[in-house]
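> need a structure here:
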Amino acid sequence: MPELPEVEVVRRGVADHAVGRKLSSVEVLHPRAVRRHVPGAQDLAARLAGRVLTAARRRGKYLWIELGDGPGETDAEAVVVHLGMSGQLLVQPTSAPDEKHLRVRMRFADGGSELRFVDQRTFGGLQLAELVEVNGVALPQPVAHIAPDPLEPVFDLTRLTERLRGRRTGIKRALLDQSLISGIGNIYADEALWRAKLHWARPTATLTRPKVRELFEAVTDVIGEALHAGGTSFDALYVNVNGESGYFDRSLAVYGQDGKPCPRCGASIRRDAWMNRSSYTCPVCQPKPRNAHL
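Prediction:
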């Protein structure tokens, strides 16, 4: 699944290439791609035609495009884009051949490049949603329950620290809890925990406030470096709007590095099964706590 850096890379591409442009038509080529829009494909296409894309926004792993009747005139609706496992938003010339898994095509009134939603596995999709205000931030209704991510101005580390210390759970499970903090998935959780020298099963209640601050400095650092590298691409399914892969996978210290030497101490990286996924740690730098939350 794309995590915060990958979704932010896509958001920036949409902002650069599509925001400020008026839609002339929307073509839904696979009904499953708009299954979350209950009124159906025809309704979605009809309600988008003639609208202007006024802003591209993101919270955590969630991306949406705000709509209006003219540039800078955002109204109370947005297109929520669920990338799922394999969804891609691509900016393509109108003359470019259709992709094999093209699901939705957005054409613009200026006759320029199209915005295409391509999804091999069709787990992702588009839907129209109302914007609601949550703690002073306008969010689409399906995203309203998601906590702020570490890059947002409204992110409150002090409040999050107290909530973490009040939980009886392991730190990695807490990092992936979207009601506590959004945007962090398996890859960047493992990388940040390695940087902070914390085992994934360390109970959150045992973390000192300085240690939580150190961990979130590691979180913001690893996310920033991943953004600079265009995200992490393990296959051709994650690309930016120009179809280019990210290369942060070359900089991963522990994730997917089972058996390889730890970049810090040289010990062999360990892989543990965890919640139907994998967790990667250095057994020397990140010793398993006695009171671990497994």
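> ok, which stretches of the stretch 1-150 of the chain are strands?
Here the stretch 1-150 of the chain has its strands, by DSSP state E, counting those that start in this stretch, at 23-28, 52-59, 62-68, 74-82, 87-92, 102-108, 114-119, 125-134, 137-140.
> residues touching stretch 129-143, excluding its own?
36, 59, 62, 64, 66, 76-80, 127, 144, 146, 148, 152, 154 (CB atoms under 8 Å, 6 or more residues apart in numbering). Yep, even glycine has a C-beta here, placed from its N, CA and C like the rest.
> what do you get if the cut-off is 6 Å, keeping everything else the same?
59, 62, 64, 76, 78, 80, 144 (CB atoms under 6 Å, 6 or more residues apart in numbering).
> which residues touch the second one?
Read that as residue 62. So residue 62 contacts residue 143 (CB under 6 Å, 6+ apart).
> what of the last one?
With contacts defined as CB under 6 Å, 6+ apart, the neighbours of residue 144 are 132, 134.
> residue 25 reaches residue 108, doesn't it?
No - if you go by CB atoms under 6 Å, residue 25 and residue 108 don't touch, sitting 9.0 Å apart.
> quick one: which of those two has more around it?
Taking neighbours as other CB atoms under 10 Å, residue 25 and residue 108 compare with residue 108 leading, 18 against 14.
> name the nearest of the contacts of stretch 129-143 relative to residue 291.
residue 59 (33.4 Å; CB to CB).
> that closest one and residue 123, how far apart?
Here residue 59 is placed at a distance of 20 Å from residue 123 (CB to CB, to the nearest Å).
> the two: which is more packed in?
residue 59 (25 against 14).
> now render the contacts of stretch 129-143 as a markdown table, adding pLDDT and distance to residue 244.
Below are the contacts of stretch 129-143 laid out as a markdown table (pLDDT from 0 to 100; distance: CB to CB, whole Å):
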| residue | pLDDT | distance to residue 244 |
| --- | --- | --- |
| 59 | 97 | 24 |
| 62 | 94 | 22 |
| 64 | 98 | 23 |
| 76 | 91 | 34 |
| 78 | 97 | 26 |
| 80 | 98 | 24 |
| 144 | 96 | 32 |
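> re earlier: of all the strands of the stretch 1-150 of the chain, which one comes closest to residue 163?
Closest among the strands of the stretch 1-150 of the chain, once you apply CB to CB, is strand 125-134, at 16.9 Å.
> need the contact list for residue 61.
7, 183.
> what count of nearby residues applies to the residue nearest to residue 182 when sequence neighbours are not counted?
Leaving out its chain neighbours, the residue that sits closest to residue 182 by CB to CB, 6 or more residues apart in numbering is residue 60, at 2.7 Å. Residues near residue 60, counting by other CB under 10 Å, number 23.
> doesn't residue 150 make contact with residue 60?
No - using CB under 6 Å, residue 60 makes no contact with residue 150, being 9.4 Å away.
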